[in-house]
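Novice: sequence first, predicted coordinates after that:
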Amino acid sequence: MKLLLIVSLISGGAAFSAPATTAKTYAKLPASVGPGVVTGRALVDLLDHAKDAGFAIPGVNIVGTNSINSCMEAAKRYGGPIMVTFSKGGGQFIAGKGANNDNDAASIAGCVAGAKHVREVAELYGVPVILHTDHCQKAWLPWMDGLLDANEKYFAQHGEPLFSSHMLDLSEEPLEENIGICKQYMERMAKINILLEFELGVTGGEEDGVDNTDIDSSRLYTQPEEVMYAYEQLSQVPNAAFTCAASFGNVHGVYAPGNVDLQPVILHNTQKFMQEKLGGDDKPMKFVFHGGSGSSVEDIRYAIKAGVIKMNIDTDTQWGFWDGIREYEAENHDYLQGQIGNPKDATKPNKAFYDPRKCLRAGEEKMADRLVKAAEDLLCTNVLN
């Protein structure tokens with residue numbers, strides 16, 4: 001489980017924009033938000049609306065078209081937006097583990113291919129989709145550079161970026177270095193209307209190659225002053241839009257009760273601190289549970305009241321997908337032991353049972369079921385119309 005704080009800002013005189021929806025598509029959402037991938041101004045409008053309306057968007061780590069499609073199918077069922085999240089390892093898996101990954105070539109190509117898949121089919125599901133990438137630590141910056149190259153190429157052709165947003169996780173570096181590098185990347189991203197998510201504080205546990213299982217527990221809690229410093233620095237970038245993931249005892253994975261000391265009150269305290277400095281909105285920040293596996297509904301709803309607009313989900317959806325395959329095998333076990341011959345007929349072919357689409361579809365359906373439950377917890381159901 002990983003719980004993270006998120007702050008969003010648009011600064012400078014330039015308009016943070018993307019191709020606008022000419023007619024209002026959804027009765028309950030801003031007119032700029034339509035079906036398909038949401039970027040630029042429409043993305044910020046959507047996140048602002050989520051905060052004001054009191055719901056949070058599921059942000060789901062994926063590893064291929066099956067899990068991507070399950071995300072969008074779930075969003076269609078629960079009637080709300082979805083965030084499809086690519087990781088460096090997930091990108092490599094999409095490209096194929098046998099592909100050359102020198103200089104992160106496969107990790108970059110896989111993420112780009114997955115994003116293009118989403119763009120081709122997202123409108124068929126009739127829901128808004130946010131295309132995002134997950135943790136990028138300092139050693140992985142060449143992966144991010146490759147993704148930004150792809151974004152700039154897409155922007156030149158289509159007037160909007162390929163992805164909606166990217167995350168930099170430089171939380172293991174000193175604060176000034178972390179934000180200094182983020183500021184450099186924000187300058188590049190702002191020119192093509194990409195939102196930046198950055199991390200303050202360290203998230204414990206392990207996820208997709210990021211291992212902080214032995215981290216000093218004192219580093220799991222971010223101070224409001226650190227968030228304010230980052231806000232002030234990044235707001236100097238014209239046309240900047242950014243979010244901040246601040247730790248409050250977060251640990252990746254799912255654990256038995258009592259093993260993780262979460263302090264979501266940090267969300268409320270940071271809101272108060274920032275509001276006193278900035279004035280205006282009593283919830284100037286947007287927050288996120290960055291991975292929320294095993295979180296109680298009470299904690300989730302309490303965080304939403306503090307302005308949470310997204311909860312990342314990985315562990316629970318991984319289990320959901322596997323559980324669907326497991327149930328399929330258990331139900332059809334005797335028909336999956338050979339190509340020919342089953343309890344009904346020793347000469348009958350079993351192709352209808354071992355066709356990979358059957359077990360993969362079972363995984364998709366179970367993962368979608370889990371996401372519908374997550375959307376209910378996040379108050380993200382029936383928020384379109």
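Specialist: Okay, I see it.
Novice: can you map out the strands along the stretch 1-150 of the chain?
Specialist: 9-10, 36-37, 57-61, 82-86, 128-133 (DSSP state E, counting those that start in this stretch).
Novice: let's have those in JSON lines, adding mean neighbour count, distance to residue 315 and mean pLDDT.
Specialist: Using the backbone N, CA and C atoms, a C-beta is placed for each residue, glycine as well. Formatted as JSON lines, these follow (neighbours: other C-beta atoms under 10 Å; distance: least, C-beta to C-beta, whole Å; pLDDT from 0 to 100):
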{"stretch": "strand 9-10", "mean neighbour count": "18", "distance to residue 315": "30", "mean pLDDT": "49"}
{"stretch": "strand 36-37", "mean neighbour count": "22", "distance to residue 315": "26", "mean pLDDT": "98"}
{"stretch": "strand 57-61", "mean neighbour count": "26", "distance to residue 315": "9", "mean pLDDT": "95"}
{"stretch": "strand 82-86", "mean neighbour count": "26", "distance to residue 315": "13", "mean pLDDT": "98"}
{"stretch": "strand 128-133", "mean neighbour count": "25", "distance to residue 315": "18", "mean pLDDT": "98"}
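Novice: include distance to residue 199 when you put those into JSON lines, please.
Specialist: Converted to JSON lines, these look like this (distance: least, C-beta to C-beta, whole Å):
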{"stretch": "strand 9-10", "distance to residue 199": "16"}
{"stretch": "strand 36-37", "distance to residue 199": "24"}
{"stretch": "strand 57-61", "distance to residue 199": "14"}
{"stretch": "strand 82-86", "distance to residue 199": "14"}
{"stretch": "strand 128-133", "distance to residue 199": "13"}
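Novice: between those strands, which one is nearest to residue 69?
Specialist: With C-beta to C-beta as the measure, strand 82-86 is the member of those nearest residue 69 (9.9 Å).
Novice: that closest one packs against which elements?
Specialist: strand 57-61, helix 65-78, helix 105-125, strand 128-133 (3 or more C-beta pairs under 8 Å, 6 or more residues apart in numbering; DSSP states H and E).
Novice: nearest to residue 312, out of these?
Specialist: The closest of those to residue 312 is strand 57-61. By C-beta to C-beta, the value is 4.3 Å.
Novice: what residues does that closest one touch?
Specialist: Strand 57-61 is contacted from outside by 46-47, 50, 67, 71, 74-75, 80-87, 90, 130, 132, 134, 208, 288, 290, 309-314, 317, 371, 374-375, 378, 380, using C-beta atoms under 8 Å, 6 or more residues apart in numbering.
Novice: and those, which of them are buried?
Specialist: For these, a neighbour count by 16 or more other C-beta atoms under 10 Å gives the buried set as 46-47, 50, 67, 71, 74-75, 80-87, 90, 130, 132, 134, 208, 288, 290, 309-314, 317, 371, 374-375, 378, 380.
Novice: picking up where we left off before, with distance to residue 268 added, can I get the helices and strands packed on strand 82-86 in TSV?
Specialist: Formatted as TSV, the helices and strands packed on strand 82-86 follow (distance: least, C-beta to C-beta, whole Å):
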stretch	distance to residue 268
strand 57-61	20
helix 65-78	27
helix 105-125	34
strand 128-133	25
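Novice: those: which one's closest to residue 283?
Specialist: In terms of C-beta to C-beta, the element of those nearest to residue 283 is strand 57-61, at 16.4 Å.
Novice: given the closest one, what are its sheet partners and their directions?
Specialist: When pairing is defined by DSSP bridges, strand 57-61 lines up against strand 82-86 (parallel), strand 308-313 (parallel).
Novice: mind saving the C-alpha coords of the longest one as CSV?
Specialist: Think strand 308-313. Extracted C-alpha coordinates of strand 308-313, given in CSV (Å, rounded to 0.1, in the frame of the first residue of the first chain):
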residue,chain,number,x,y,z
VAL,A,308,-7.7,13.4,-2.6
ILE,A,309,-8.5,13.1,-6.3
LYS,A,310,-6.7,9.9,-7.3
MET,A,311,-5.7,6.6,-5.6
ASN,A,312,-3.2,4.3,-7.3
ILE,A,313,-4.0,0.6,-7.4
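Novice: ok now that strand, how far from the chain's centre?
Specialist: How far strand 308-313 lies from its chain's middle: 8 Å, per C-alpha atoms, centre = their mean, to the nearest Å.
Novice: please consider this matter closed, and thank you.
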